[in-house]
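Enquirer: I would like to see how this sequence folds:
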Amino acid sequence: MLLSVLPRARLGAALLVLASTVLSGWTAVPAVPLTTVGMHRQPSGSSGTPLPDLAQLIKEVRAGLRTDEQLLRQYTFKERRRDVNVSKLGKVQLGPWREFEVYPSDVPGETYKRLVSVNDVPLSAAELEKRDAAHRQRVLDQLEQIRVETPAQRDKRLARKARDAREEQDVIDDVFAVYEVALVGREVRDGRQTIVATLTPRKNARTRSDAGKFLKKIKGRAWINEADRQVIRTELEAVEDITFGLGLLARMQKGSTIMFRRTLVNGEIWLPAEAQYKVVGKTLVFRKFALESTTVFSDYKKFGVSTSEEVTGAVK
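Expert: The predicted structure follows:
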């Protein structure tokens with residue numbers, strides 16, 4: 001699956017902390033009329049509104065900085081997507097539409113993506129029960145392994161957890177390192193006033209994460225909700241060809257685009273709403289392809305006692 005090779009989780013985390021990048025590396029340029037930077041007009045009388053105090057803005061954004069990976073661990077939600085499959089002969093095809101109910105877990109690697117429908121046809125009760133039982137057994141096996149692990153095994157597990165945390169921080173640090181950012185004005189997005197910034201990669205930037213290497217080949221634009229300093233949308237474009245699987249699987253060509261959009265949940269927190277890829281490229285055997293793939297997130301619920309009980313009931 002081509003798009004499973006894309007660093008979706010880490011890259012998504014990186015792109016959704018671009019607000020802090022914008023603010024930490026802000027290039028001071030005058031605010032310009034929105035007719036030159038987007039399709040939406042500024043509200044009447046706001047064209048001369050001065051930009052917020054930069055130092056205070058940086059402080060506010062960084063104070064609330066968290067990646068979507070961290071946030072999603074607190075919620076159950078639905079995920080609807082089509083995967084991209086690459087055959088041994090290099091043929092690229094879109095898979096079926098699949099919908100999952102996603103339940104977070106504190107057990108490493110055991111967040112449960114519960115497949116509930118394929119091409120809008122619900123799975124049978126028997127199939128759901130079979131999958132739930134298999135997942136429940138995996139969790140029990142994992143918990144048992146933790147219960148009986150030796151001190152050396154425990155140290156190894158905790159070291160992996162610490163390494164994952166470092167890698168997540170590396171992604172954030174790489175975003176700060178990679179982009180030269182310029183403020184270009186304000187736009188209204190989804191009825192909200194936003195600050196717009198362009199993101200130009202520094203080719204000589206030193207990076208530590210795989211996502212950072214990809215970001216050096218991507219330019220883009222970010223929209224930051226002015227009311228709460230949160231990134232609500234990023235639009236990105238490859239400025240160079242990008243290879244996946246050590247260059248042995250496929251190459252995403254210059255001009256391919258990626259869009260991430262977030263939505264405000266319960267009036268209190270911004271979470272992913274949509275991730276869209278429009279990719280042109282070549283596979284290992286030089287087959288050309290052009291495809292679009294979209295992942296949609298919805299029905300967020302805070303992961304607490306009630307949702308825990310629902311999960312327990314689902315996996316009996």
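Enquirer: what ranges do the strands span in the protein?
Expert: Taking DSSP state E to define them, one finds strands in the chain at 26-27, 75-86, 92-103, 112-118, 121-122, 179-189, 192-201, 218-225, 230-238, 242-244, 250-252, 257-265, 269-283, 288-302.
Enquirer: Average pLDDT for the first one, rounded please.
Expert: Right, the one you point to is strand 26-27. In this model, strand 26-27 carries a mean pLDDT of 32.
Enquirer: ditto for the fourth one
Expert: Taken as a whole, strand 112-118 carries a mean pLDDT of 95.
Enquirer: just the last one next, same as before
Expert: Confidence over strand 288-302, taken as the mean pLDDT, stands at 86.
Enquirer: Is I269 bridged to anything, and to what?
Expert: For I269, the beta-bridge partners are V265 (DSSP bridges).
Enquirer: Measure how buried it is and give me the count.
Expert: 17 (other C-beta atoms under 10 Å). Every residue, glycine included, has its C-beta placed from N, CA and C.
Enquirer: swap in Q276?
Expert: 15.
Enquirer: separation between it and P96?
Expert: According to C-beta to C-beta, to the nearest Å, Q276 stands 18 Å off from P96.
Enquirer: one step back: out of the strands of the chain, which gets nearest to D155?
Expert: Of all these, it is strand 112-118 that lies closest to D155, at 27.2 Å by C-beta to C-beta.
Enquirer: Show me what that closest one is packed against.
Expert: Counting contacts by 3 or more C-beta pairs under 8 Å, 6 or more residues apart in numbering; DSSP states H and E, strand 112-118 is packed against strand 92-103, helix 125-148.
Enquirer: Please identify the most buried of these.
Expert: strand 92-103 (a mean of 16; mean count of other C-beta atoms under 10 Å).
Enquirer: so what pLDDT did V37 get?
Expert: 33.
Enquirer: still on that earlier bit, could the helices and strands packed on strand 112-118 go into TSV alongside distance to R114?
Expert: Below are the helices and strands packed on strand 112-118 laid out as TSV (distance: least, C-beta to C-beta, whole Å):
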stretch	distance to R114
strand 92-103	4
helix 125-148	7
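Enquirer: Dump those into TSV; add distance to E237 and mean pLDDT as well.
Expert: Formatted as TSV, the helices and strands packed on strand 112-118 follow (distance: least, C-beta to C-beta, whole Å; pLDDT from 0 to 100):
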stretch	distance to E237	mean pLDDT
strand 92-103	20	89
helix 125-148	38	92
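Enquirer: for those, which one sits closest to Q230?
Expert: strand 92-103 (21.7 Å).
Enquirer: Paired strands for that closest one, with orientation please.
Expert: Going by DSSP bridges, the partners of strand 92-103 are strand 75-86 (antiparallel), strand 112-118 (antiparallel).
Enquirer: and those as CSV, adding distance to T283 and mean neighbour count?
Expert: Shown next, in CSV, are the strands paired with strand 92-103 (distance: least, C-beta to C-beta, whole Å; neighbours: other C-beta atoms under 10 Å):
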stretch, distance to T283, mean neighbour count
strand 75-86, 6, 19
strand 112-118, 25, 16
